[in-house]
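Colleague: Please find the sequence and the predicted model below.
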Amino acid sequence: MHVLILVVILVLLIIGPQYWVRAVLNRYNRKSEENFTGTGGELARHLLDRFALQHVKVEVTGSGDHYDPLAKVVRLGEDRFNGRTLTAITIAAHEVGHAIQDASGESLFRWRTRLAKLTGTAQQLGSLLLFLVPLLSVITRAPAVGLISLLAAFLVMGIGLAVQLLTLPVELDASFNKALPMLESGYLQPQQFRPARKILRAAAFTYVSSSLAGLLNFWRWMTVFKR
């Protein structure tokens, strides 16, 4: 019974943030605001130019709103790019916040980017090691094989988890130290400040559920390894 309760709590912790984020973004994405003279894409372009980031492009994407530090592109979903809703405007400012982090060379952003580059290679290497562990165990029967399993688990899940955990402070900074001051400097009306903060909080916590899921998987793997 206790195990079932724990499982339910963990599921709620993982799935709950996803539903909350979706609900907040959808709530303020239903109607165009009269005080917005441009779309989310146009605001992103304007803010980038304002901060002398003319080299950063703004594009439509079907893979979720994000800033690509390698291509130097702010990518927005079609509804954000073409929309004049509070969600569209606020998310556009949030992604520009990441471009500002990149241009400023902020340490947390750079570390996240470096780790993200290593994630794919590390996971491939970890998967190879996991494939080889049973064979090495049969051939060598050495205790060191267990350490190889631990290393493989870290490469497959640990680095990805580290990136996700490092992402949260980067996202919070983009929301509340970059986007919010910009938006409150004349782009929003006072009654829109509070909803914009909710949207920015949701944008920052998009990765929380992924981090919790990754932490749970890593914990399960460590439990198996200890046995």
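Modeller: Arrived safely.
Colleague: pLDDT below threshold where in the protein?
Modeller: Scanning the chain with the threshold set as pLDDT under 70 gives 1-14, 119-163, 207-227.
Colleague: Okay, strands next: where are they in it?
Modeller: For the chain, the strands defined by DSSP state E cover 57-61, 66-68, 73-77.
Colleague: Identify, out of these, the most deeply packed stretch.
Modeller: strand 73-77 (a mean of 22; mean count of other Cβ atoms under 10 Å). In short, each C-beta sits where N, CA and C put it, glycine included.
Colleague: by contact count, what packs against it?
Modeller: Identification of packing neighbours for strand 73-77 by 3 or more Cβ pairs under 8 Å, 6 or more residues apart in numbering; DSSP states H and E yields helix 40-50, strand 57-61, strand 66-68, helix 86-104.
Colleague: switch to 10 Å and redo it
Modeller: helix 40-50, strand 57-61, strand 66-68, helix 78-82, helix 86-104 (3 or more Cβ pairs under 10 Å, 6 or more residues apart in numbering; DSSP states H and E).
Colleague: hey, which of those is tucked in deepest?
Modeller: helix 86-104 (a mean of 25).
Colleague: Next, format the helices and strands packed on strand 73-77 as a markdown table and append distance to T206.
Modeller: Converted to a markdown table, the helices and strands packed on strand 73-77 look like this (distance: least, Cβ to Cβ, whole Å):
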| stretch | distance to T206 |
| --- | --- |
| helix 40-50 | 17 |
| strand 57-61 | 15 |
| strand 66-68 | 10 |
| helix 78-82 | 14 |
| helix 86-104 | 10 |
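Colleague: Which positions in stretch 106-118 come out as buried?
Modeller: E106, F109, R112, T113, L115, A116 (16 or more other Cβ atoms under 10 Å).
Colleague: Sort out which one of the residues you listed lies nearest G16 for me.
Modeller: R112 (24.2 Å; Cβ to Cβ).
Colleague: All good on my end, thank you.
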